[in-house]
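> Fold the following for me, if possible:
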Amino acid sequence: MQKKITLILSPEESSNSKIYRQIVAKKLNVPEKEITNIQITRKSIDARATNIKINLALLVSIGETHTSKPIEFDYKDVSNKSEVHIIGSGPAGLFAALRFIELGVKPIIFERGKSISERKRDIALLNREHLVDTDSNYCFGEGGAGTFSDGKLYTRSKKRGSIQKILEILNYHGAADDILYESHPHVGTDKLPAIVEKIRNTILNAGGEIHFNTKLVDFIVENDKLKGFVTKDNTKIFCKNLILATGHSARDIYELLWKKKVAIEAKSFALGVRVEHPQDLIDSIQYNCKTRSDYLPAATYNLNTQVDGRGIYSFCMCPGGHIVPSASSPNEIVVNGMSASKRNSQFANSGMVVEIRPQDVPELQEYGELSLMKFQQNVEHMAYSNGGKGQIAPAQRLHDFVNKKLSPFLPESSYFPGIISSPLHFWLPEIVSKSLQEGFKKFGRKMKGFLTNEAVIIGVESRTSSPVRIPRNNKTFEHNQIKGLFPCGEGSGYAGGIMSSAIDGENCANSVFEASIS
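Okay, the predicted model is just below:
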């Protein structure tokens, strides 16, 4: 017999299975020895009151032999099956490939960047020597931006598809069991590379192919029908259908489509800064305590407000994390945040961003559908010009930024290349700086102690999502103009983050398969 129950426990009780096993037995009025298994199906923290509680949803087995069934997937041999081509090995491309294998189709992935091991070396050079490899960095390479983006596995997206299946695939490839039940599951930057490598091996072992250092530079199109594509070494590859899963930073793809007069659209996105506080300070605010309990994780937060009808919100909040350089081209500064699996850094950081709309940049209308992308580039170049040498980023104490004062000195930061004092309130576009200043005031009233000079803002956080959308049919995923082209994932403008991109990849694979057999 199995029963579902929920418990509201203290952090200490929830961390000790012996304790909550006794509580379960008492609640169900059964002898403890008859409980053969307790499976956590959902776990969340309620920190609204002084006495913090943990909500546990449990599936309890009583009086029956329990044998746990490992998660399995049917990744069959597709080495001699029909082929489909995928551009990009980020979450959308990889999960599309896995789904094709389940459907009995051979996926062939082409990735502009390098494998995980080679990519790690280029990222080390970026951090230490500030050398930006345009095809191998925090945005490009095996696994895409998702490989080094912390591994938050929650999404606000209402995209159709199985979130649970995506979590189970990640768990099958090495992610911890707790991602299957945590309300805000997290893998960790230190764990993701090995998981991505295991996904690669699954694809290769099933007969799929992955080609690194193979950048798409042109499309072969005849009478609005895709015939193939051209790679950087001028190799022509012909195909019937092509999934385009290049990520939100592949500006060359948008420029290529624009140049070839293929339909694209300017899309609203968000841009701002990354704010970093001492983690102890965030803990004390969120948990209403002087020192965080050993039974509680590093505290997080989620903030949003409106200023003059414009959204300002936190993005990719990283408790116990660090800030990294995410530029994909020289002469630009882009920052992002991430956390290791233990989230044990002394810092907490989050993007704080402002909604930017096409009508906000009339001075860039000559770029048409690329106007917001050009705005994004311009701000990244401003950050570079106002920073230090190489990837040293411009920074300002938070309270000073709100009060339009230059910071004479800066606090310690997790950003490895280094930071330099800069008047972000002065050189950031007015629509960004004024909105952020008002937003930070509101956040300071909501979280007492948040608006402080103990915190520092670092510029710029600009790769929140794509500033371009590649229009596609809502049902078939096929491009509205080019037959056989299937835009997918963050680069298409229809997804944001690992989960929604992975689901988009699966859905796109299903649509391509259905089209091929109809």
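> hey, where'd the helices end up in the stretch 1-150 of the chain?
11-14, 17-28, 91-102, 116-129 (DSSP state H, counting those that start in this stretch).
> Take the ones you listed and lay them out in a markdown table including mean neighbour count, mean pLDDT and distance to residue 431.
From N, CA and C alone the C-beta is placed, and that goes for glycine too. Output for the helices of the stretch 1-150 of the chain, formatted as a markdown table (neighbours: other C-beta atoms under 10 Å; pLDDT from 0 to 100; distance: least, C-beta to C-beta, whole Å):
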| stretch | mean neighbour count | mean pLDDT | distance to residue 431 |
| --- | --- | --- | --- |
| helix 11-14 | 18 | 95 | 42 |
| helix 17-28 | 15 | 95 | 50 |
| helix 91-102 | 28 | 98 | 31 |
| helix 116-129 | 16 | 95 | 30 |
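> Which one of those lies nearest to residue 511?
Among the helices of the stretch 1-150 of the chain, helix 91-102 comes nearest to residue 511, with 10.1 Å by C-beta to C-beta.
> tell me what the closest one is packed against?
Judged by 3 or more C-beta pairs under 8 Å, 6 or more residues apart in numbering; DSSP states H and E, the packing partners of helix 91-102 are strand 83-87, strand 106-110, helix 163-172, helix 192-205, strand 242-244, helix 498-517.
> again, only using 6 Å
Counting contacts by 3 or more C-beta pairs under 6 Å, 6 or more residues apart in numbering; DSSP states H and E, helix 91-102 is packed against strand 83-87, strand 106-110, helix 498-517.
> and the last one, how far out from the chain's middle?
The reference is to helix 498-517. Centroid separation for helix 498-517 versus its chain: 19 Å, with C-alpha atoms, centre = their mean, to the nearest Å.
> What score does residue 150 have for pLDDT?
pLDDT recorded at residue 150 is 68.
> about what we covered before: which one of the helices and strands packed on helix 91-102 lies closest to residue 486?
Nearest to residue 486, of these and by C-beta to C-beta, is helix 498-517 at 5.4 Å.
> now for the closest one, which elements pack on it?
Applying 3+ C-beta pairs under 6 Å, 6+ apart, we find helix 498-517 packed against helix 91-102.
> want to throw the helices and strands packed on helix 91-102 into CSV with mean pLDDT and distance to residue 42?
Formatted as CSV, those follow (pLDDT from 0 to 100; distance: least, C-beta to C-beta, whole Å):
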stretch, mean pLDDT, distance to residue 42
strand 83-87, 98, 34
strand 106-110, 98, 33
helix 498-517, 92, 17
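> could the ones you listed go into JSON lines alongside mean neighbour count?
Shown next, in JSON lines, are the helices and strands packed on helix 91-102 (neighbours: other C-beta atoms under 10 Å):
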{"stretch": "strand 83-87", "mean neighbour count": "24"}
{"stretch": "strand 106-110", "mean neighbour count": "22"}
{"stretch": "helix 498-517", "mean neighbour count": "23"}
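> The stretch 401-518 of the chain: strands as residue ranges?
419-421, 456-461, 468-469, 485-487 (DSSP state E, counting those that start in this stretch).
> Now those in TSV, please, with extra columns for distance to residue 178.
Shown next, in TSV, are the strands of the stretch 401-518 of the chain (distance: least, C-beta to C-beta, whole Å):
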stretch	distance to residue 178
strand 419-421	34
strand 456-461	28
strand 468-469	35
strand 485-487	34
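> To residue 194, which of the ones you listed lies closest?
Minimum separation from residue 194 across the strands of the stretch 401-518 of the chain (C-beta to C-beta) falls at strand 456-461, 27.2 Å.
> Quickly run through the sheet partners of that closest one, with directions.
Partners of strand 456-461 in the sheet, by DSSP bridges, are strand 269-278 (antiparallel), strand 393-397 (antiparallel).
> So for residue 400, which of the helices and strands packed on helix 91-102 sits nearest?
So among the helices and strands packed on helix 91-102, helix 498-517 is nearest, using C-beta to C-beta, at 34.6 Å.
> any residues touching that closest one, and which ones?
91-92, 95-96, 99-100, 103, 146, 153, 155, 157, 159, 161, 166, 241, 243, 476-477, 486, 488-490, 495 (C-beta atoms under 6 Å, 6 or more residues apart in numbering).
> what angle separates that helix from helix 91-102?
Computed by axes from the mean of the first three to the mean of the last three C-alpha atoms, to 10 degrees, the angle separating helix 498-517 from helix 91-102 equals 40 degrees.
> between helix 498-517 and strand 83-87, how big is the angle?
150 degrees.
> Can you say which of the strands of the stretch 401-518 of the chain is nearest to residue 30?
strand 456-461 (52.0 Å).
> how about the CA coordinates for that closest one, as CSV?
Extracted in CSV, the C-alpha atoms of strand 456-461 (Å, rounded to 0.1, in the frame of the first residue of the first chain):
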residue,chain,number,x,y,z
VAL,A,456,28.1,46.4,-5.6
ILE,A,457,26.7,46.6,-9.1
ILE,A,458,28.7,45.3,-12.1
GLY,A,459,27.9,46.1,-15.7
VAL,A,460,26.5,44.9,-17.8
GLU,A,461,23.9,42.1,-17.6
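> For it, give me every contacting residue.
272-276, 335, 351, 353, 379, 383, 393-398, 401, 410-411, 413, 415, 419, 424.
> Let's see that with 8 Å instead.
271-276, 315, 323, 333-336, 351-353, 379-380, 382-383, 386-387, 393-398, 401, 407, 410-411, 413, 415, 419, 422, 424, 428 (C-beta atoms under 8 Å, 6 or more residues apart in numbering).
> Output the below-cut-off pLDDT ranges for the stretch 151-300 of the chain.
151, 154-160 (pLDDT under 70).
> What ranges does it have for its strands?
Using DSSP E, counting those that start in this stretch, strands in the stretch 151-300 of the chain cover 209-211, 216-222, 225-231, 236-238, 242-244, 265-266, 269-278.
> how about TSV for these, with distance to residue 31 and mean neighbour count added?
Below are these laid out as TSV (distance: least, C-beta to C-beta, whole Å; neighbours: other C-beta atoms under 10 Å):
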stretch	distance to residue 31	mean neighbour count
strand 209-211	54	17
strand 216-222	64	16
strand 225-231	66	18
strand 236-238	66	13
strand 242-244	55	28
strand 265-266	64	18
strand 269-278	48	26
